[in-house]
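K.L.:
quick one: sequence and predicted model below, then my questions.
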Amino acid sequence: MSIDKTASAHWEGGLRDGTGQISTQSGALTGQPYGFNTRFEGRPGTNPEELLGAAHAGCFTMALSMMLGEAGLTATALDTKATVSLDKKGEGFAITKIHLALTGTVPGADQARFEEIATKAKEGCPVSQLFNTEITLSATLAA
């Protein structure tokens, strides 16, 4: 069984002066603006890298919750920040790495077990498997 989700992009104009809009099937994003200025100049709006980061952080955190449950643990809080690095590579750009910074409150877990399960979640997350780049993880177990 395949679960299909959709997103779309609309673009008008050239690379630097053009503008685009991104929308998702769920409506979570509807006509969200993006463009050269939001991607490379820090202007308001979104960009592909932050959307990939949000998807990766969300997928990883859900996978971790599942794997903690399989280990008999339940988190009271899991917070993940994904940093997606876009670097100049040759004539263009490439996503060269993603770092997942995780802080979790998991009663009954110690740091070593938390890191072990988090690493398995990083490797098993479907979005992690999609990327062909270095993915690192720092996992901090909060008290």
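P.N.:
Sure, I can see it.
K.L.:
next, the buried residues of the lengthiest helix in the chain.
P.N.:
Longest helix in the chain, counting residues (DSSP state H): helix 48-70. Residues of helix 48-70 classed as buried: 49-53, 55-57, 59-65, 67-68 (neighbour count, 16 or more other CB atoms under 10 Å). Using the backbone N, CA and C atoms, a C-beta is placed for each residue, glycine as well.
K.L.:
the helices in this structure, which residues?
P.N.:
Going by DSSP H, the chain shows helices at 36-40, 48-70, 111-124, 126-130.
K.L.:
who does the second one touch, helix- and strand-wise?
P.N.:
Based on contacts counted as 3 or more CB pairs under 8 Å, 6 or more residues apart in numbering; DSSP states H and E, the elements that helix 48-70 packs against are strand 77-89, strand 92-105, helix 111-124, helix 126-130.
K.L.:
and the angle from that helix to strand 77-89?
P.N.:
Calculated by axes from the mean of the first three to the mean of the last three CA atoms, to 10 degrees, helix 48-70 forms an angle of 140 degrees with strand 77-89.
K.L.:
list the residues that contact Lys89.
P.N.:
Lys89 is in contact with Thr96, counting by CB atoms under 8 Å, 6 or more residues apart in numbering.
K.L.:
beta-bridge partners for it, please?
P.N.:
Gly92 (DSSP bridges).
K.L.:
per-residue pLDDT, Ala143?
P.N.:
Note for Ala143: predicted pLDDT of 81.
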